[in-house]
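J.: Show me the folded form of this:
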Amino acid sequence: MAEWLGKALQKLLQRFESARDLTSTLSLSLWRGTFLTTMLPKYLTKIGLAACILLVISCFLPWTYYADIDKTFTGFYSEQNSYGKPGYFLLLLTVLIFICMLVPKIWAKRTNLFLSALAVGYAIKTYILFTSCYNAYCPEKKIGIYLMFISTIMMLVCSAFPDMKLDEKKK
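T.: Next up is the predicted model:
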């Protein structure tokens with residue numbers, strides 16, 4: 001039995017070693033390389049721009065509902081301004097990120113990455129602040145808070161892989 005398993009494993013190993021020489025796997029790896037280096041950054045830039053627009057829209061949508069005071073909070077409204085107005089800061093960051101995504105300079109891409117990371121950190125803080133329980137009462141989370149959080153993460157991912165071609169300097 002062990003001898004039969006050993007021969008079967010040898011045949012399987014030979015089959016995989018001979019598959020390295022196939023041109024179809026070479027063309028598949030070339031296609032993957034082309035997709036990852038040229039096509040994916042173009043799509044990610046468009047997805048990032050759409051995420052910026054989605055973040056602006058999510059600031060106007062309801063984020064949480066507090067049944068004890070019968071109020072719905074958004075990015076621009078909280079009862080007696082107790083949680084502030086995070087929508088203004090997120091809107092400012094979104095406009096700057098949107099502009100930096102469109103500018104084809106290396107400094108803009110680096111600034112975009114920094115601003116996107118700042119936006120994700122601020123979104124985490126805002127999510128925790130708006131959805132935290134108080135006095136044994138937990139607010140009801142609405143769609144706006146989820147869209148705000150997801151769109152900031154998408155902006156960070158899209159700014160990490162910019163569509164930029166660098167010039168190679170001749171020596």
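J.: What residues of the helix or strand residue 88 falls within count as buried?
T.: When elements are assigned from DSSP states H and E, residue 88 belongs to helix 86-102. The neighbour-count check on helix 86-102 (16 or more other C-beta atoms under 10 Å) flags 86-87, 89-91, 93-94, 96-98, 100-101 as buried. Every residue, glycine included, has its C-beta placed from N, CA and C.
J.: any idea how far residue 70 is from residue 138?
T.: Note on residue 70: its distance to residue 138, by C-beta to C-beta, to the nearest Å, is 16 Å.
J.: the inter-axis angle of the biggest helix by length in the chain versus helix 86-102?
T.: Secondary structure of the chain per DSSP state H: the longest helix is helix 106-131. Put simply, helix 106-131 runs at 160 degrees to helix 86-102, going by axes from the mean of the first three to the mean of the last three C-alpha atoms, to 10 degrees.
J.: per-residue confidence averaged over helix 106-131?
T.: Across helix 106-131, pLDDT averages out at 94.
J.: Next SSE downstream of it?
T.: With secondary structure assigned by DSSP H and E, helix 106-131 is succeeded by strand 140-141.
J.: is it true that residue 68 lies in a strand?
T.: No - under DSSP: H, G, I helix; E, B strand; the rest coil, residue 68 falls outside any strand and is assigned coil.
J.: That one against residue 137, yeah?
T.: Yes - using C-beta atoms under 8 Å, residue 68 is in contact with residue 137, at 5.6 Å.
J.: Spit out the contact partners of the residue most central in space within the chain.
T.: For the chain, the residue whose C-alpha lies nearest the mean C-alpha position (C-alpha atoms, centre = their mean) is residue 154; its distance is 2.1 Å. If a contact means C-beta atoms under 8 Å, 6 or more residues apart in numbering, then residue 154 has 47-48, 51, 54 as its contacts.
J.: Just to be sure, it is in a helix?
T.: Yes - with three-state DSSP as the criterion, residue 154 is assigned to a helix.
J.: Would you check how far apart it and residue 67 are?
T.: 31 Å.
J.: Output the lowest mean pLDDT helix or strand found in this protein.
T.: helix 23-34 (a mean of 55; mean pLDDT, DSSP states H and E).
J.: I'd like to know which elements the following helix or strand past that one is packed against.
T.: Downstream of helix 23-34, the first helix or strand assigned by DSSP H and E is helix 40-60. The contact analysis (3 or more C-beta pairs under 8 Å, 6 or more residues apart in numbering; DSSP states H and E) places helix 40-60 against helix 86-102, helix 143-160.
J.: and of those helices, who's closest to residue 41?
T.: Among the helices and strands packed on helix 40-60, the nearest to residue 41 by C-beta to C-beta is helix 143-160 (9.0 Å).
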